[in-house]
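# please work out how this folds:
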Amino acid sequence: MPVRTIRLGGGGARSRLWSQIQADVYGHEVEITETEEGAAYGAAILAGVAAGMWTSVDAACKESVRVAHCLLPISANVSVMQSQYAAYSRIYPAMKSIFRY
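So this is what the prediction gives:
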């Protein structure tokens with residue numbers, strides 16, 4: 001499934017640095033939601049759908065989830081992340097045989 005939108009909310013999204021790192025790792029714009037109570041807010045949306053306030057979760061989210069701001073990936077950082085991930089992917093098989101859980 002293609003990624004269309006990445007949204008961040010809750011405690012970690014308060015950190016602009018952490019949010020920028022995620023944009024750079026994913027190579028996609030990230031949207032920071034207005035609400036900081038991600039899990040509780042999601043539970044309230046689900047309850048509203050169950051109670052018939054909205055016809056679907058998609059409809060509820062379209063009506064009630066708001067984006068505070070967006071962060072674009074920094075292309076130089078994306079290149080570094082992709083390069084490092086490629087290196088990790090090459091050495092992972094060898095590490096897997098060393099570290100057994």
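
# and the residue lying closest to Val3 once chain neighbours are set aside, how far from Met53?
Using Cβ to Cβ, 6 or more residues apart in numbering and skipping residues adjacent in sequence, the residue nearest Val3 is His28, 5.9 Å away. In this view, the C-beta of every residue, glycine as well, is placed from N, C-alpha and C. Distance of His28 to Met53, computed by Cβ to Cβ, to the nearest Å: 31 Å.

# still on that earlier bit, the residue nearest to Val3 reaches Pro73, doesn't it?
Yes - if you go by Cβ atoms under 8 Å, His28 and Pro73 touch, sitting 6.5 Å apart.

# longest helix in the chain, please.
The residue-count maximum for a helix in the chain (DSSP state H) belongs to helix 75-98.

# and the host helix or strand of Ala23 with helix 75-98, angle?
Assigned by DSSP states H and E, Ala23 falls within helix 16-26. If you take axes from the mean of the first three to the mean of the last three Cα atoms, to 10 degrees, helix 16-26 sits at 70 degrees to helix 75-98.

# following element in sequence after helix 16-26, please.
Downstream of helix 16-26, the first helix or strand assigned by DSSP H and E is strand 30-33.

# please report the distance of Ile91 from Met81.
Per Cβ to Cβ, Ile91 is found 16 Å from Met81.

# next: Val65.
27 Å.

# in stretch 68-75, what's buried?
71, 73 (16 or more other Cβ atoms under 10 Å).

# what about that stretch, how long is it end to end?
23 Å (Cα to Cα, to the nearest Å).

# more neighbours: Ile91 and Met81, which one.
Neighbours per residue, other Cβ atoms under 10 Å: of Ile91 and Met81, the larger number sits with Met81, 17 against 9.

# so who does Gly9 touch?
Applying Cβ atoms under 8 Å, 6 or more residues apart in numbering, we find Gly9 in contact with 32-33, 35-38, 41.

# please name the residues that touch the nearest residue to Asn77 once chain neighbours are set aside.
Spatially, and ignoring its direct neighbours in sequence, Asn77 is nearest to Asp24 (3.8 Å; Cβ to Cβ, 6+ apart). By Cβ under 8 Å, 6+ apart, the contact list for Asp24 reads 73-74, 77-78, 81.
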